[in-house]
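>>> No sequence on hand, only this structure:
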């Protein structure tokens with residue numbers, strides 16, 4: 001895997017429960033952390049030796065253009081995230097909803113012990129019903145299914161959609177249920193925007209695709225005619241196999257336990273996983289209750305450390321002063337900075353706010 005692919009994975013392999021505004025850790029980006037925290041690299045059988053770690057990083061450096069991003073960025077990332085780099089993984093990029101759903105369905109059908117799913121939005125449309133049917137079918141065969149959905153993100157989904165899942169034996173948990181008796185700001189304070197699916201502790205899916213028919217059309221093929229107000233959505237997901245999947249299981253369990261879900265036998269979620277490939281991955285999580293966003297800090301750090309290029313695609317681009325400064329400074333350093341933004345959106349307010357920059 002080239003250094004540039006690795007840098008892209010750092011930006012992609014992130015699961016998050018978003019708060020309304022990303023907050024950075026005061027002072028975290030104001031100094032170089034290089035050398036402050038020893039870099040950790042773990043494999044299928046635990047932590048690697050210092051020499052093995054050096055060899056992994058040297059291999060990554062050799063496979064891409066000359067850059068010092070490793071020494072400038074990875075140490076800070078280690079300090080902020082607290083999770084190790086993990087080798088022995090296989091990462092597959094899934095472009096668009098159709099490729100994502102096809103891979104997810106196949107993984108669900110292959111499940112033998114448990115399925116953990118966390119999503120911001122699951123709709124009671126064709127795609128949502130197919131997912132629900134697949135999950136209930138696996139539950140009938142003895143595979144325990146655990147589902148977390150966000151209260152706001154799935155606000156339009158009928159209650160009986162989830163009741164049917166629960167009646168089949170699926171453990172269903174609503175994230176931060178809406179309570180009309182509390183202040184609006186209180187129940188909007190934390191929403192779970194994570195889209196995560198973990199199969200048998202062996203395969204993980206993470207990215208931007210919710211469970212909805214709006215993702216059913218591909219970006220590069222002609223789709224069936226749609227109503228004027230029903231534009232297809234474009235998003236990206238990834239499939240991960242290997243030791244780092246255990247980190248994503250931990251993220252799921254943290255959310256489940258934090259929301260007072262029914263006690264789960266967590267020990268069955270962490271099977272021994274051998275090496276599945278050569279990809280080196282660090283999994284980073286943000287929770288709505290965090291005082292600052294580790295993901296946001298690492299993204300700003302990556303941009304600040306960029307020497308060759310910084311390519312960013314965003315559905316909603318309303319940068320705060322810190323992100324704006326990082327992008328401008330990178331361009332001033334002759335870094336090739338590119339933004340890929342939508343020409344159509346579901347939020348006119350965000351669209352015009354984005355264009356103002």
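Alright, I've got the coordinates. Fair warning: this is a prediction, and the values are worked out from it, not measured in the lab.
>>> To what extent is residue 257 buried, counted in neighbours?
Residue 257 has 12 neighbouring residues, counting by other CB atoms under 10 Å. No exception for glycine: its C-beta is placed from N, CA and C like everyone else's.
>>> Torsion angles phi and psi at it?
phi -70, psi -40 (degrees, to the nearest 10).
>>> ranges for the strands of the stretch 101-250 of the chain?
For the stretch 101-250 of the chain, strands defined by DSSP state E, counting those that start in this stretch occupy the ranges 114-119, 144-150, 171-175, 196-199, 203-207, 236-241.
>>> what helices or strands is the longest one leaning on?
Meaning strand 144-150. strand 114-119, helix 126-140, helix 159-167, strand 171-175, helix 245-258 (3 or more CB pairs under 8 Å, 6 or more residues apart in numbering; DSSP states H and E).
>>> any idea of the mean pLDDT for it?
The average of the pLDDT scores along strand 144-150 is 98.
>>> swap in the fifth one?
Averaged across strand 203-207, the pLDDT comes to 97.
>>> Leaving out chain neighbours, which residue sits closest to residue 93?
residue 238 (5.7 Å; CB to CB, 6 or more residues apart in numbering).
>>> one step back: figure out which of the helices and strands packed on strand 144-150 is closest to residue 199.
The closest of the helices and strands packed on strand 144-150 to residue 199 is strand 114-119. By CB to CB, the value is 5.9 Å.
>>> from the chain's centre, how far out does the closest one sit?
Taking CA atoms, centre = their mean, to the nearest Å, one finds the center of strand 114-119 at 13 Å from the center of the full chain.
>>> So in that sheet, which strands flank that strand, and in what orientation?
strand 144-150 (parallel), strand 196-199 (antiparallel) (DSSP bridges).
>>> Give me the domain ranges for the protein.
As given by automatic domain parsing, the domain ranges for the chain are 3-85+285-355, 92-269.
>>> gap between the two ends of the last one?
Looking back up the chat, that one is domain 92-269. Taking CA to CA, to the nearest Å, the first and last residues of domain 92-269 lie 22 Å apart.
>>> picking that back up, the domains of the chain: lowest mean pLDDT?
Among the domains of the chain, domain 3-85+285-355 scores lowest, with a mean of 74.
>>> now the strands of the stretch 101-250 of the chain in TSV, with distance to residue 97 and mean neighbour count?
TSV is the format used below for the strands of the stretch 101-250 of the chain (distance: least, CB to CB, whole Å; neighbours: other CB atoms under 10 Å):
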stretch	distance to residue 97	mean neighbour count
strand 114-119	13	23
strand 144-150	18	22
strand 171-175	22	20
strand 196-199	14	25
strand 203-207	10	24
strand 236-241	8	22
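>>> will you turn the ones you listed into CSV that also has distance to residue 81?
CSV is the format used below for the strands of the stretch 101-250 of the chain (distance: least, CB to CB, whole Å):
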stretch, distance to residue 81
strand 114-119, 19
strand 144-150, 22
strand 171-175, 23
strand 196-199, 17
strand 203-207, 15
strand 236-241, 17
